[in-house]
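# just need the structure, nothing else, for what follows:
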Amino acid sequence: AKSDAAHEGLARQFADHSIERAYLAITAGCPVPPAGTIRGNIARSSTNRKKMALVGEGRGKHAVTPYRTIEVLQNAALLECRLETGRTHQLRVHLGSIGHPLLGDPVYGRAPPRLRPVLSRLGFCRQALHAAELGFHHPVFGEKLHFTSSFPVDIIGLLGELRNTR
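Down below sits the predicted model:
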């Protein structure tokens, strides 16, 4: 934001959760059910201050992640995740909590042994997560804005490998 009015308008949209955010994630394994909503409070891990974790009611911040499977891959899946809330490491924590962590995420889950050679061969050493869509109302003029972003080359390569190994 380049002005106080724009900053306040965007901050208000973040606070009322009206900003649209969609991420595409490649996960280890395929979630069952193939679509759903992950809910759980998130706070700093009590055992590792560098990590976030699901915590019990009354602790942390409420977090909600709706997801749907777009494509089943070899030992993996391509998911669309929409954020209803925006907590630190929310997608990483939520996907890990249902047993389907992001590929390439060494903190919240390890790649299944069958996928390690693929990741190694590609030199893929980051989280398989892509910010695909962002939508909000212009904070000053009120018009609806919507932006999309194509997959980067490394994720395109990873998807190609996971499709070809079926």
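
# tell me if I'm right that residue 17 and residue 84 touch.
Yes: look at residue 17 against residue 84 with C-beta atoms under 8 Å: they come within range, at 5.9 Å. Every C-beta, even on glycine, is put in place using the N, C-alpha and C of the backbone.

# anything in contact with each of the two?
By C-beta atoms under 8 Å, 6 or more residues apart in numbering, residue 17 and residue 84 have no common neighbours.

# surely residue 53 is in a helix?
No: counting by DSSP: H, G, I helix; E, B strand; the rest coil, residue 53 is not part of a helix but strand.

# that one bridge partners, please.
On the basis of DSSP bridges, residue 53 is bridged to residue 43.

# what sits against it?
42-46, 93.

# out of those, which is nearest to residue 115?
Within the contacts of residue 53, proximity to residue 115 (C-beta to C-beta) peaks at residue 93, which comes in at 20.6 Å.

# what pLDDT does that closest one get?
Looking at residue 93, its pLDDT reads 97.

# secondary structure element for it?
helix 90-97 (DSSP states H and E).

# which helices and strands does that helix pack with?
Contacting helix 90-97 under the criterion 3 or more C-beta pairs under 8 Å, 6 or more residues apart in numbering; DSSP states H and E are the following elements: strand 20-28, strand 35-39, strand 52-55, strand 64-73, strand 76-82.

# 7 Å - rerun?
Packed against helix 90-97 by the contact rule (3 or more C-beta pairs under 7 Å, 6 or more residues apart in numbering; DSSP states H and E) you find strand 20-28, strand 52-55, strand 64-73.

# and residue 163, which of the three is it?
helix.

# now do the contacts for it.
By C-beta atoms under 7 Å, 6 or more residues apart in numbering, the contact set of residue 163 is residue 73.

# quick one, grab the pLDDT at it.
Value listed for residue 163 in the pLDDT field: 95.

# low pLDDT regions in this protein?
165-166 (pLDDT under 70).

# what sits up against stretch 145-154?
With C-beta under 7 Å, 6+ apart, stretch 145-154 has contacts from 124, 130-136, 138.

# and the helices and strands packed on helix 90-97 as CSV, adding distance to residue 117?
Shown next, in CSV, are those (distance: least, C-beta to C-beta, whole Å):
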stretch, distance to residue 117
strand 20-28, 14
strand 52-55, 30
strand 64-73, 15
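
# follow-up on the earlier one: select only the buried ones of the contacts of residue 53 in ChimeraX?
To isolate the buried subset of those in ChimeraX, counting by 16 or more other C-beta atoms under 10 Å, use the following:
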select :42,43,93
